[in-house]
Every structure is written in structure tokens, then in C-alpha cells.
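Student: Quick one: sequence plus predicted model below, questions after.
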Amino acid sequence: MASLAPPGSSITGQKATKSLGLMENAVKYKHTFIQFFAVTGILLLSVRSLGQKYRIHDLQDDTAALKQEEKSLTDRMKHIKSGLLREASLEPSGRFASRLRLLFSEDN
């Protein structure tokens, strides 16, 4: 079988052209490399923004859950206070009820 290299060439069966290194390619295709890095940067910023969007969404869910828990605890405290005041009002002397009203800062 005949070789594809010219007859005067000393390279037979090897690559005739040497591939360029990264830096030589970067210089040769400068515009393409700049465009590649710009697109990569934009992609990374988009991924970061998407992550922040979902983090904000999770924080909003947490805030809503905390507000609901605060409301539940406030209602529970009011129920306990009214129960204590009701029990204290059954005492004949009224000292315990007045002391509780003072502690709870109620004028009732």
C-alpha cells in the first residue's frame, strides 16, 4: 500500500501537522475564546440567580410558617391566661386574681 506522505518527506505513518497548544489556539481564535468565557460567565450568573430565587422562596415559606406558629402561641397564651384568671376569680378573697391581673397587666 502506498504512503500518503510526499516521497521527499521523512515522516511516514505519523501526523504531518503538529497540533497547536492551548495558548496558541487562544491567540489564534481570540474572539471565540472571549465569547466562550463570556457565555460561561453568563451561565454561571444565571445558575446563581436561580439558586437565590429558590432560596428566597424557601425563606418566604419559613416566614409564613413562623408567623402561623407565632399566632398559635399567642392564642395559646391568651387561653392559658384566661383559664388562670377564671380559676383565680373563684377564690373568695380575690388576692390571687388581683395578683394575676397585675402580672398580666390587665385592668379587668
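Tutor: Sure, I can see it.

Student: okay, now Met77: neighbour count?
Tutor: If you count neighbours by other CB atoms under 10 Å, Met77 ends up with 11. Quick note: C-beta positions are derived from backbone N, CA and C, even for glycine.

Student: Return the residues in contact with it.
Tutor: Applying CB atoms under 8 Å, 6 or more residues apart in numbering, we find Met77 in contact with no residue.

Student: now the helix or strand hosting it: mean pLDDT?
Tutor: According to DSSP states H and E, Met77 maps onto helix 30-89. Regarding helix 30-89, the rounded mean pLDDT is 93.

Student: measure Leu43 to Thr74 for me?
Tutor: Remark: distance between Leu43 and Thr74 (CB to CB, to the nearest Å) = 47 Å.

Student: make that Tyr54, sorry
Tutor: 31 Å.

Student: Gln68 too?
Tutor: Per CB to CB, Gln68 is found 11 Å from Thr74.

Student: go on, Phe104?
Tutor: For Phe104, the distance to Thr74 (CB to CB) stands at 14 Å.
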